[in-house]
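S.K.: Requesting a structural model of the entry that follows:
(chains A and B)
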Amino acid sequence: AAGVIQSPRHLIKEKRETATLKCYPIPRHDTVYWYQQGPGQDPQFLISFYEKMQSDKGSIPDRFSAQQFSDYHSELNMSSLELGDSALYFCASSQTSGTSGPKGSYNEQFFGPGTRLTVL
Amino acid sequence: GNSVTQMEGPVTLSEEAFLTINCTYTATGYPSLFWYVQYPGEGLQLLLKATKADDKGSNKGFEATYRKETTSFHLEKGSVQVSDSAVYFCALSAYQGAQKLVFGQGTRLTINP
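M.R.: Predicted coordinates for the structure are as follows:
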């Protein structure tokens, strides 16, 4: 079965550079979530999109932005990278059922393998 | 706000031992509860879930029961295997409203043969 695809799997950047992470959800999934997992830490929610609109926002720095495109893939853009941005970035997707949208009943999130970002 | 607290790790057991990883939560309303597992170098995989009080989630010999009265969702397995070595995360999602997952700090489990 198709899974969530993330690219690249590994990324090394210098401080103050920019990075773009991509996420391709499972076919027919309409909701994408981004999480950040620092070394030895639990994943922290960053942002989510439903039908190409931002549906929720967590602890995402202003230096980061994200969007979901017409084909439902999503990109996380990170600028002015800092050492503390080094982490594993996960994307997850879900299929939001019915007409209640993302505020309705829970829909299982399927996680991608993650992108490991190292900032030097 | 919503939060999840897991027992501190790491946990080391011998093969065939009984496993319990404690998880308690704080949430408004009626959250859904989950256990995710992360194997080395891999992403998060859903292990089991429960969406309402007294529900029991189970998968691959693991079980957890949603206890509203004690706000707990402890993970148990009767006989662990070396292949169960991984990091386990307890998580919740507010049933009404935001769908984001709130994770506990994770428990690293190592099973020795």
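S.K.: alpha carbons only for contacts and neighbour counts from here, please
M.R.: Will do.
S.K.: What are the boundaries of the strands in chain B?
M.R.: B:3-6, B:11-14, B:19-21, B:23-26, B:32-38, B:44-50, B:56-59, B:62-65, B:75-77, B:86-93, B:101-103, B:107-112 (DSSP state E).
S.K.: Kindly report the same for chain A.
M.R.: In chain A, the segments counted as strands under DSSP E are A:5-7, A:10-13, A:19-24, A:31-37, A:44-50, A:53-57, A:64-68, A:74-78, A:87-94, A:110-111, A:115-119.
S.K.: Relative to the third one, what are the paired strands and their orientations?
M.R.: In the sheet, strand A:19-24 lines up against strand A:5-7 (antiparallel), strand A:74-78 (antiparallel) (DSSP bridges).
S.K.: Take those strands and lay them out in CSV including distance to residue A:30 and mean neighbour count.
M.R.: Formatted as CSV, those follow (distance: least, C-alpha to C-alpha, whole Å; neighbours: other C-alpha atoms under 10 Å in any protein chain shown):
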stretch, distance to residue A:30, mean neighbour count
strand A:5-7, 14, 20
strand A:74-78, 11, 20
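S.K.: To residue B:74, which of the ones you listed lies closest?
M.R.: The closest of those to residue B:74 is strand A:5-7. By C-alpha to C-alpha, the value is 31.1 Å.
S.K.: Now do the closest one: distance to the chain's middle.
M.R.: Distance, stretch centre to chain centre, for strand A:5-7: 10 Å (C-alpha atoms, centre = their mean, to the nearest Å).
S.K.: Among the strands of chain B, which comes closest to residue A:64?
M.R.: For the strands of chain B, proximity to residue A:64 was assessed by C-alpha to C-alpha; strand B:101-103 is nearest, at 19.7 Å.
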